[in-house]
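Enquirer: quick one: sequence plus predicted model below, questions after.
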Amino acid sequence: MKIVFIHEFGKAFIPKSFRPGLRSYLLKAGIVEVPYGAFGILFYLAYLFTFLTYFFYFWGFISSKPGFLVFIYAFLIWVVVPLSFIALFMLLMYLYLDIKIFNRTRKMEEVLPDFLQEVSTNLKGGLSFEKALWMSIKPRFGILANEIAIAAKKVMTGGDVDVALSEFANKYDSPQLKRSINLIVGEISAGGKIAGIMDKVVQNLKRTKALKDELTASVISYMIFIAIIVIFISPLLFALSFNLLVVIQKVTTLLATSTSQTGAGATSMLGKLTDVSLNKTEFVWFSHIAIGVVAFFSSIIVSIIEKGNIRGGVKYIPIFIISSQIFYMICLNILTALFGNMIQI
């Protein structure tokens, strides 16, 4: 009997039509080999999680049902739970890889002007374009150097330089990178002076970067304002609201007690006030959820203001959420201690 290893099982788990696209997507994230073994482990972990969930959580509920319903419930659990687990894990992995690809693209865009300047210098020194491209690959260019090295190797093995560069540019979702490479490829095809067009591209890239930095500096006050509201003011207001409700509850209870002997008229006048009720635990949980939602969407707004997109500012999400939650607990404890002895019932 053939033993199915984790790698082989994971490879069988991925449809053949899906594999080329998966490999291309992983290459953008810098992952050369498709981790089929990880997919196999994920499958086994999903059914291990389903097994534990079934016997420790669902079994007590299912065992009390009639025989036919037991079969239906068990079938649904053993199908829905592992698929949900795998879908959630794949979604998290997709978000992680998408952010990683975005960061790799931004790093290449940052060093692209310096790299093109290096290529232009080599061209002016009398080197051919292919040789100048290869000689410009330096460790300080990081990810861009690795990608250009792949393109240069394709050229050295008989490929066309314009095709290799176009494949590299189209590999990443970067309008800046695509425009720059397309201009260079167009100049190569036209047989013009490549060094001259590269100098103009470098000037435009540096000017664009300076404008982006200036724009970011001009909106820094809005970012600070949003951060102050989310991290400090919003938790403080929720903590004040909690203690205000507690004080109102104590006051109405005190008034109801003091007027209980004055007759039915006075009691009916205060009837609506004495109906004030507050579940402290539910309010605290509501505050945590509301503050978390506000912090999440505020971090997205700050990310869009600073980077122009959401993925560039994902780092703000945990910072805003954790900081606001911690400050809320601090404000809640301090204000509860201050307001606690104001009214004694």
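Expert: Nice, I can see it. Numbers count the residues shown, from 1 in each chain.
Enquirer: what's the weakest-modelled helix or strand in the chain?
Expert: Ranked by mean pLDDT, DSSP states H and E, the helix or strand of the chain with the weakest confidence is helix 264-269, at a mean of 51.
Enquirer: I'd like the next helix or strand past that helix.
Expert: Counting by DSSP states H and E, the next helix or strand C-terminal to helix 264-269 is helix 280-307.
Enquirer: angles on the backbone of the most centrally placed residue in the chain, please.
Expert: What sits nearest the mean C-alpha location of the chain, by Cα atoms, centre = their mean, is Val314, with 4.6 Å. Main-chain torsions, Val314, degrees, to the nearest 10: phi -60, psi -30.
Enquirer: what helix or strand is the residue nearest to it when sequence neighbours are not counted on?
Expert: Leaving aside its chain neighbours, Val314 sits nearest to Ile99 (5.6 Å; criterion: Cβ to Cβ, 6 or more residues apart in numbering). Just so you know, the C-beta spots here come from the backbone N, C-alpha and C atoms, and that holds for glycine as well. Here Ile99, judged by DSSP H and E, is contained in helix 67-124.
Enquirer: so after that helix, what's the next helix or strand?
Expert: For helix 67-124, the following helix or strand on the C-terminal side (DSSP H and E) is helix 129-135.
Enquirer: quick one: buried residues of whatever helix or strand comes next after that next one?
Expert: Of the helices and strands lying after helix 129-135 in sequence (DSSP H and E), the nearest is helix 143-156. The neighbour-count check on helix 143-156 (16 or more other Cβ atoms under 10 Å) flags 143-145, 147-148, 151-152, 154-155 as buried.
Enquirer: for stretch 303-316, same thing?
Expert: Across stretch 303-316, burial judged by 16+ other Cβ under 10 Å covers 303, 305-307, 310-314, 316.
Enquirer: other residues contacting it?
Expert: Contacting residues not belonging to stretch 303-316 are listed as 98-99, 102, 106, 216, 219, 222-223, 299-300, 302 [Cβ atoms under 8 Å, 6 or more residues apart in numbering].
Enquirer: picking that back up, output the contacting helices and strands for the helix holding Ile99.
Expert: Counting contacts by 3 or more Cβ pairs under 8 Å, 6 or more residues apart in numbering; DSSP states H and E, helix 67-124 is packed against helix 19-28, helix 36-53, helix 59-62, helix 129-135, helix 143-156, helix 175-190, helix 194-218.
Enquirer: what mean pLDDT does it have?
Expert: Across helix 67-124, pLDDT averages out at 82.
Enquirer: just the angle between it and helix 194-218, please?
Expert: For helix 67-124 against helix 194-218, the angle by axes from the mean of the first three to the mean of the last three Cα atoms, to 10 degrees is 120 degrees.
Enquirer: how far does helix 67-124 sit from its chain's centre?
Expert: Helix 67-124 sits 10 Å away from the centroid of its parent chain (Cα atoms, centre = their mean, to the nearest Å).
Enquirer: ok and it relative to helix 19-28, angle-wise?
Expert: With the same axes, to 10 degrees applied, the angle from helix 67-124 to helix 19-28 works out at 50 degrees.
Enquirer: how about the contacts made by Ile188?
Expert: Counted by Cβ under 8 Å, 6+ apart, Ile188 has contacts 129, 161-162, 194.
Enquirer: out of those residues, who's nearest Gln249?
Expert: Asp162 (75.6 Å; Cβ to Cβ).
Enquirer: contacting residues for the closest one?
Expert: With contact taken as Cβ under 8 Å, 6+ apart, Asp162 is in contact with 185, 188-189.
Enquirer: redo those as a markdown table? Include pLDDT and distance to Lys212.
Expert: Output for those, formatted as a markdown table (pLDDT from 0 to 100; distance: Cβ to Cβ, whole Å):
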| residue | pLDDT | distance to Lys212 |
| --- | --- | --- |
| Val185 | 81 | 25 |
| Ile188 | 77 | 28 |
| Ser189 | 76 | 30 |
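Enquirer: now the residues you listed as a markdown table including distance to Thr50?
Expert: Converted to a markdown table, those look like this (distance: Cβ to Cβ, whole Å):
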| residue | distance to Thr50 |
| --- | --- |
| Val185 | 52 |
| Ile188 | 56 |
| Ser189 | 57 |
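Enquirer: among the contacts of stretch 303-316, which one has the most neighbours?
Expert: Ser299 (24 neighbours; other Cβ atoms under 10 Å).
Enquirer: relative to Ile31, how far out is that one?
Expert: Here Ser299 is placed at a distance of 28 Å from Ile31 (Cβ to Cβ, to the nearest Å).
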